[in-house]
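> just need the structure, nothing else, for what follows:
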Amino acid sequence: MKIMVLNSGSSSIKYQIFDMRDRSVLASGLLEKIGEPDSRLTHQTRGPEERFETVEKTAAVADHTQGFDLINSVLKETGALTDMTELAGIGHRAVHGGEAFTRPTLINQEVINTIRDLIPLAPLHNPANLTGIEVAMAGAPEVPQVAIFDTAFHQTLPPHAFHYALPQELYRKHAIRRYGFHGTSHFFVAKKTARLLGRPLGELSLITLHLGNGASAAAVQNGGSVDTSMGLTPLEGLIMGTRCGDLDPAIIFYLARETDRSFEAIDALLNKESGLRGICGVNDMREISRLAQEGNADAQLAIRMYVYRLRKYIGSYAAVLGRLDALVFTGGIGENAAQIRYETCRDLEFFGIAIDEAKNNQRSREAREIQSPESRVRILVVPTNEELEIADQTTLVLQKENLV
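As a prediction, the model looks like this:
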């Protein structure tokens with residue numbers, strides 16, 4: 001059984017095709033710069049001896065419809081698919097499901113209309129996700145399609161965690177509340193952690209840290225998210241590559257008053273020019289670490305601030321959970337930046353967290369434990385795989401609906 005996973009951006013389409021018999025990747029690709037004369041598709045197909053063969057194409061791709069057609073033709077050329085009807089289903093990443101979607105959902109016109117209604121909550125993401133859905137449904141009308149929402153995993157947050165201390169009318173009329181994001185990743189690594197520990201997920205209390213260019217923390221208890229650092233939008237919470245994270249909201253009014261910036265300009269400042277980039281001019285943690293080692297004071301400050309914010313969230317979520325079984329690092333930084341993991345866990349023995357420096361420094365692509373023998377809390381590095389999680393959830397929906 002073959003499942004395609006699509007992640008549609010405003011000018012890109014990312015995709016993978018899985019053989020769900022063994023959950024292996026058959027093909028993957030990324031189409032970039034849609035709408036520009038030099039659009040580029042980089043496609044990989046699994047060949048003999050599990051090696052992937054790469055094909056690159058550059059052409060003017062005017063829109064997502066042409067992009068989907070180009071992907072379809074390359075899939076046929078490379079033998080990954082002879083026809084879209086070979087697919088048992090297509091799973092779509094959708095960023096914001098609001099309160100309407102608490103689980104993966106088979107797509108129909110009503111679902112499309114609801115995703116469109118939610119655009120005000122995610123104006124940068126939902127329109128692109130919706131475009132991908134509509135293009136794929138037009139290009140493969142016989143194939144069942146499923147939407148998997150980044151916010152769905154966090155719909156288990158209790159009211160005292162998801163409400164803001166604002167007039168209730170704003171929640172009732174405008175749906176202003178904490179939604180959280182990266183839910184697909186947090187759910188994937190939580191399940192993987194439970195398997196590694198040999199315990200049911202429903203019995204565990206975990207803190208999962210998804211650390212990439214975007215970053216979020218989640219408190220996971222008894223299999224559900226009970227708190228998470230991102231809020232109404234992905235701007236709240238941890239320091240990120242270009243997002244500021246937690247901020248005194250009065251700063252926004254101060255900037256508008258004292259610098260004559262428009263609210264659109266402030267929005268761009270906080271989302272695209274702040275975070276690590278705002279502190280030291282760079283948002284790639286590898287480059288920041290190199291600069292810090294060379295003595296760059298701004299890079300050193302960026303790392304200290306980044307780690308400090310992480311430690312604050314670990315402490316607060318440990319208090320929320322009451323008991324902590326495991327601390328889990330994932331995402332590009334979480335999986336690869338040993339220094340960040342070490343500095344985050346250092347001197348947290350009073351929480352039962354003690355990292356083994358030698359284990360932490362060992363590089364591996366496999367999930368692994370890095371706590372010392374004295375640690376009461378297990379510390380894990382678990383590579384995330386959001387595409388595989390989307391494929392798994394798509395398969396479950398198709399099975400439930402008797403479509404496979």
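> tell me which other helices or strands the strand or helix carrying Phe187 touches.
Phe187 is part of helix 183-197 when elements are defined by DSSP states H and E. Secondary-structure packing of helix 183-197 (3 or more C-beta pairs under 8 Å, 6 or more residues apart in numbering; DSSP states H and E): strand 205-211, strand 215-221, strand 224-228, strand 326-330, strand 378-381, helix 386-400. Heads up, the C-betas are built off the backbone N, CA and C, glycines and all.
> the first one pairs with which strands?
This means strand 205-211. Strand 205-211 pairs in its sheet with strand 215-221 (antiparallel), strand 326-330 (parallel), by DSSP bridges.
> those strands into a markdown table, with extra columns for distance to Ile252, mean pLDDT and mean neighbour count?
What follows is these, written out as a markdown table (distance: least, C-beta to C-beta, whole Å; pLDDT from 0 to 100; neighbours: other C-beta atoms under 10 Å):
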| stretch | distance to Ile252 | mean pLDDT | mean neighbour count |
| --- | --- | --- | --- |
| strand 215-221 | 21 | 98 | 27 |
| strand 326-330 | 31 | 98 | 27 |
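> check which residues of the helix holding Phe187 are buried.
By neighbour count with 16 or more other C-beta atoms under 10 Å, helix 183-197 contains the buried residues 183-194, 196-197.
> and what of stretch 137-156?
Under 16+ other C-beta under 10 Å, the buried positions of stretch 137-156 are 137, 139-140, 143-156.
> how long is that stretch end to end?
Stretch 137-156 has an end-to-end distance of 30 Å (C-alpha to C-alpha, to the nearest Å).
> rewinding a little: format the strands paired with strand 205-211 as a markdown table; extra columns: distance to Ile207.
Converted to a markdown table, the strands paired with strand 205-211 look like this (distance: least, C-beta to C-beta, whole Å):
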| stretch | distance to Ile207 |
| --- | --- |
| strand 215-221 | 6 |
| strand 326-330 | 5 |
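> beta partners of Arg93?
Beta-bridge partners, per DSSP bridges, of Arg93: Ile148.
> how about the contacts made by the residue most central in space within the chain?
The residue lying closest to the centre of the chain (C-alpha atoms, centre = their mean) is His182, at 3.6 Å. By C-beta atoms under 8 Å, 6 or more residues apart in numbering, the contact list for His182 reads 150, 210, 214, 216, 218, 230.
> which two among those residues are spaced furthest apart?
The span of the contacts of His182, defined through C-beta to C-beta, is set by Gly214 and Ala218 at 13.3 Å.
> re earlier: in helices only, show me the buried residues of stretch 137-156.
Judged by DSSP state H, the subset of the buried residues of stretch 137-156 located in helices is 137, 139.
> okay, domains of the protein per the record?
The record's domain parsing of the chain by automatic domain parsing lists 2-149, 199-386.
> worst mean pLDDT among those domains?
Of all the domains of the chain, domain 2-149 carries the lowest average pLDDT, namely a mean of 94.
> could you work out the end-to-end span of that one for me?
Start-to-end, domain 2-149 (C-alpha to C-alpha) is 21 Å.
> repeat for stretch 217-233
14 Å.
> quick one: it to chain centroid distance?
Relative to the centre of its chain, stretch 217-233 is centred 13 Å away, using C-alpha atoms, centre = their mean, to the nearest Å.
> any buried residues in that stretch, and which?
Those would be 217-221, 223-233, for stretch 217-233 by 16+ other C-beta under 10 Å.
> just the closest of the residues you listed to Lys173, please.
Of these, the one sitting nearest to Lys173 (C-beta to C-beta) turns out to be Leu232, at 14.1 Å.
> and that closest one, backbone torsions?
phi -60, psi -40 (degrees, to the nearest 10).
> how close does it sit to Ala175?
Look at Leu232 and Ala175: by C-beta to C-beta, to the nearest Å, they are 9 Å apart.
> what is in contact with the two at once?
Leu121.
> quick check: closest non-adjacent residue to Thr228.
Nearest residue to Thr228, sequence neighbours excluded (C-beta to C-beta, 6 or more residues apart in numbering): Gly180, at 3.6 Å.
> cool, thanks, signing off.
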